[in-house]
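Chemist: Build me a structure from this.
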Amino acid sequence: QVQLAESGGGLVQAGASLRLSCAASRRASISLAMGWFRQAPGKEREFVGSINWDGDMTAYADSVKGRLTISRDNARDTVYLQIDSLKPEDTAVYYCAASGGPWGNGNLARVDYWGQGTQVTVSP
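Modeler: All right, here's what the predicted structure looks like:
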């Protein structure tokens, strides 16, 4: 079992940047692809981006491509999500996810572990 704990969310103004962190509970996470999803009020949870186990492949949703960067530090069992040029429509709960499934197109079709989520609110 792997526990995921997100941090770094908060209230920011449009145009600002934010870095979210996701700490995994044990070293087994280095064999897992990791990623982020988000869920805005009244909407379904959507894929944001992902990174494979050794960090040499990433995938991003078209809606956020160019503004997001995912990275990981396996020595710290931590994955990061850098969001630049934040917009009010980025307001959502951001969830960390881990997958032991095949990489495929990187959209984490199979998620084995979820974090509790961290709220990001972007004011106009």
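
Chemist: Please list all residues in contact with the nearest residue to Tyr60 once chain neighbours are set aside.
Modeler: Distance criterion Cβ to Cβ, 6 or more residues apart in numbering; nearest residue to Tyr60, sequence neighbours excluded, is Gly49 at 4.3 Å. Where you see a C-beta, it was placed from the backbone N, CA and C, and this is true even at glycine. Gly49 makes contact with 35-36, 58-61, 64, 68, 70, 81, according to Cβ atoms under 8 Å, 6 or more residues apart in numbering.

Chemist: who touches stretch 89-96?
Modeler: Taking Cβ under 8 Å, 6+ apart as the rule, stretch 89-96 contacts 4-6, 9, 20, 22, 34-41, 43, 45, 48, 64, 79, 81, 83, 114-122.

Chemist: Which of those residues are buried? Put it as a ChimeraX command.
Modeler: Per 16 or more other Cβ atoms under 10 Å, the buried members of these correspond to this ChimeraX selection:
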select :4,6,9,20,22,34,35,36,37,38,45,48,64,79,81,83,115,117,118,120,122
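
Chemist: Could you list which of the contacts of stretch 89-96 belong to strands?
Modeler: The subset of the contacts of stretch 89-96 located in strands under the criterion DSSP state E comprises 4-6, 20, 22, 34-39, 48, 79, 81, 83, 114, 118-122.
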